[in-house]
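sequence unavailable; structure follows:
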């Protein structure tokens, strides 16, 4: 808690400049004074010292920020040292400009956009602290600063090309944070503001620069469309509106009160975010809530319980919706590994590392660093979202590897020589040295023609591999909405609705479906707990609440696809290694799945 709430935007000195200050600013070349200019100004020695101190802190903060930004993503120790130094410098800088704002305005020529830059970098520090620690409360600290910059219009007086670009970058960062805290109404407002700023930007910049920002805006639209593909409509709003025309105000207020209570209840129950307009659909998002957790009555594994401590999330799929360097699959799996900050302590979230379109060397380096950082009784999650290709020159010469297929890091760049592909493939055997801790490995690839069950732990640690189907029916192909398996792992009810062809749910359908889903996951867990065929690796990994949720949702996905009439053959089913006895599970939960389909009025799509 040493960083949280330490810096706040309660800046009472932040008032608009009076006429005297404005006149003085016009007399200062380029807005700010240099060290040499400060020495020649008509001011007291104390004033010169204060301004020199500010200039020094400003330059020092920029240096430290750049050093922190250039650190590699892996490795926690060095990053924490650099972060502490950088945050301490910015906290002193922020307090200094608050205490001496009048002097800095009148004598130094401090501009409002410079205050905005300091605030923006503090927001970035909070955001990057979240990325390093997965503590979602720091997202809200970042949001405080980003909101204040917008409310106080700190970037309102930008008058050069460099500052226009900085303003656009601020909006891009603000949008990412707003998406992560599920402020979709705010995202919509920011998107329109960004559209206007890009239009203004286009009047003075080259087509190439403008097209780049228009591309970011297009990515944002695709990303939000994928997030809100399945929505929930409130059923009572129309009825209360109709009631108001023919009944007393007292009766109408009573029903509106019930509707308000229902909104609060479903928000807590399913972590829905209600858009500003009451008649708007409810958008679904899922961080870990107490009611979503299937808790064991007793510790299942004979060994000490393990805890998921680190997750490496790698995104390599082409053409998926993305925001900056966060694809829709990465976003979904990342938020699934977080507790709801309003309901559960967020400091216990596993540390996540996101790698978007990395090289194979970067992935292996991150895996090695993870092994160095993990503590005793810790587990790791390794998630790959990408494509699998064949390195044909390896065929017939497979001394090191069992197959010439592997995860591709070349991004299907056909300009590369075939001899270079060997360095850009990651094979199952490449992962073996890093399985020194309990591991859940998730491989979600398009057209997967390689069985990653060849991952064979040599360190007597539990390892479970969850593998996407080799292919999916043509009707569900395409990356516009993200991967089907990852969607099931993130929000099973949304994925279930999607394969039923349902894009809008009534609120009663959502509540019934969610209740049936939670009951189904509980029954799956009971089967695993009592079955004599359950593998010991599964028993050990399922102790952790995050790993347990992902495993149960994977089994639910496998059972649903087995019963769905569009998924007719084994190649459409996800796999696991070691194998899970699905026959026992399906017998137990078949009725629940049919009931869920019945709630969605799609029972015809499932075989009874």
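Right, received. Where do you want to start? The model shown is predicted, which means the values in this text are computed figures rather than measured ones. Numbers count the residues shown, from 1 in each chain.

low pLDDT regions in the stretch 251-400 of the chain?
Flagging of the stretch 251-400 of the chain using pLDDT under 70 yields the residue ranges 251-286, 290-292, 296-303, 343-347, 390-400.

again, only using 50
Counting by pLDDT under 50, the stretch 251-400 of the chain contains low-confidence residues at 255, 258-259, 261-283.

flag every buried residue along whichever strand or helix holds residue 221.
Remark: residue 221 resides in helix 207-227, with elements defined by DSSP states H and E. By neighbour count on 16 or more other C-beta atoms under 10 Å, the buried set for helix 207-227 is 209-210, 213-214, 216-217, 219-220, 222-224, 226-227. Backbone N, C-alpha and C define where each C-beta goes, glycine included.

now do stretch 334-345
By neighbour count, and taking 16+ other C-beta under 10 Å as the criterion, the buried residues in stretch 334-345 are 334-341, 344.

closest to residue 526 among those?
Nearest to residue 526 among the buried residues of stretch 334-345: residue 336, at 22.5 Å, using C-beta to C-beta.

pretty sure the closest one sits against residue 311.
No: under the criterion of C-beta atoms under 8 Å, residue 336 is not in contact with residue 311, lying 9.7 Å apart.

ok, back up a step: closest to residue 46 among the buried residues of stretch 334-345?
Distance from residue 46 was checked for each of those by C-beta to C-beta. The minimum falls on residue 341, at 44.9 Å.

pLDDT weak spots in the stretch 101-250 of the chain?
Under the criterion of pLDDT under 50, the regions of the stretch 101-250 of the chain flagged as low confidence span 236-240, 242-243.

try 90
Counting by pLDDT under 90, the stretch 101-250 of the chain shows low-confidence ranges at 105-112, 131-137, 156-165, 181-185, 200-210, 212, 219-250.

which stretches of it form strands?
Assigned by DSSP state E, counting those that start in this stretch, the strands in the stretch 101-250 of the chain fall at 231-233.

for the stretch 501-608 of the chain, same thing?
In the stretch 501-608 of the chain, strands defined by DSSP E, counting those that start in this stretch lie at 504-506, 575-577, listed in chain order.

nearest to residue 191, out of these?
Checking those against residue 191 by C-beta to C-beta gives strand 504-506 as the closest, at 22.2 Å.

mind checking how far the closest one is from the chain centre?
Counting by C-alpha atoms, centre = their mean, to the nearest Å, strand 504-506 is centred 25 Å from the centre of its parent chain.

quick one: list the elements packing against that strand.
strand 231-233 (3 or more C-beta pairs under 8 Å, 6 or more residues apart in numbering; DSSP states H and E).

before we move on, back to that, using a markdown table, lay out the strands of the stretch 501-608 of the chain together with distance to residue 456, mean pLDDT and mean neighbour count.
Compiled in a markdown table, these are given as follows (distance: least, C-beta to C-beta, whole Å; pLDDT from 0 to 100; neighbours: other C-beta atoms under 10 Å):
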| stretch | distance to residue 456 | mean pLDDT | mean neighbour count |
| --- | --- | --- | --- |
| strand 504-506 | 43 | 85 | 17 |
| strand 575-577 | 9 | 91 | 20 |
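
can you put the ones you listed in JSON lines and add distance to residue 522?
Converted to JSON lines, those look like this (distance: least, C-beta to C-beta, whole Å):
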{"stretch": "strand 504-506", "distance to residue 522": "22"}
{"stretch": "strand 575-577", "distance to residue 522": "20"}
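
contacts only, for the nearest residue to residue 200 once chain neighbours are set aside.
If you skip the residues right next to it in sequence, residue 200 has residue 164 as its closest partner in space, 7.7 Å away by C-beta to C-beta, 6 or more residues apart in numbering. Residue 164 sits next to 158, 197, 200-201, 204-205 when contact means C-beta atoms under 8 Å, 6 or more residues apart in numbering.

farthest-separated two in those residues?
When C-beta to C-beta is used, the two most widely separated members of the contacts of residue 164 are 158 and 205, lying 13.3 Å apart.

quick one: neighbours of the residue lying closest to residue 475 once chain neighbours are set aside, just the number.
Across the structure, with C-beta to C-beta, 6+ apart as the measure, the residue nearest residue 475 apart from its sequence neighbours is residue 566 (6.6 Å). Here the count is done by other C-beta atoms under 10 Å, and residue 566 has 16 residues near it.

so residue 566 sits against residue 473, correct?
Yes: counting by C-beta under 8 Å, residue 473 is a contact partner of residue 566 at 4.9 Å.

where's the residue nearest to residue 200 relative to residue 536, distance?
Going from residue 164 to residue 536 by C-beta to C-beta, to the nearest Å gives 60 Å.

over to residue 435?
Distance from residue 435 to residue 536, counting by C-beta to C-beta: 15 Å.

before we move on, what about residue 116?
56 Å.

okay, these two: which has more neighbours?
Neighbours of residue 116 and residue 536, each counted by other C-beta under 10 Å, are more numerous for residue 116; the result is 25 against 12.

residue contacts, that one?
With C-beta under 8 Å, 6+ apart as the criterion, the residues that contact residue 116 are 149, 152, 154-155, 170.

and what of residue 501?
With contacts defined as C-beta under 8 Å, 6+ apart, residue 501 is in contact with 602, 605.

now residue 72
Contacts here follow C-beta under 8 Å, 6+ apart; on that basis residue 72 touches residue 365.

that one and residue 369: what is the separation?
In this structure, residue 72 and residue 369 are 8 Å apart, going by C-beta to C-beta.

export the contacts of residue 164 to CSV and tack on distance to residue 557 and neighbour count?
Converted to CSV, the contacts of residue 164 look like this (distance: C-beta to C-beta, whole Å; neighbours: other C-beta atoms under 10 Å):
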residue, distance to residue 557, neighbour count
158, 49, 18
197, 41, 19
200, 46, 13
201, 44, 19
204, 50, 11
205, 46, 16
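
can you redo those as CSV with distance to residue 68?
Shown next, in CSV, are those (distance: C-beta to C-beta, whole Å):
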residue, distance to residue 68
158, 25
197, 27
200, 31
201, 28
204, 32
205, 29
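
narrow those to those in helices?
Using DSSP state H, the members of these that fall in helices are 197, 200-201.

gap between stretch 430-439 and the chain center?
Relative to the chain's own centre, stretch 430-439 is displaced by 25 Å; criterion: C-alpha atoms, centre = their mean.

and for stretch 157-173?
The chain centroid and the centroid of stretch 157-173 are separated by 25 Å under C-alpha atoms, centre = their mean.
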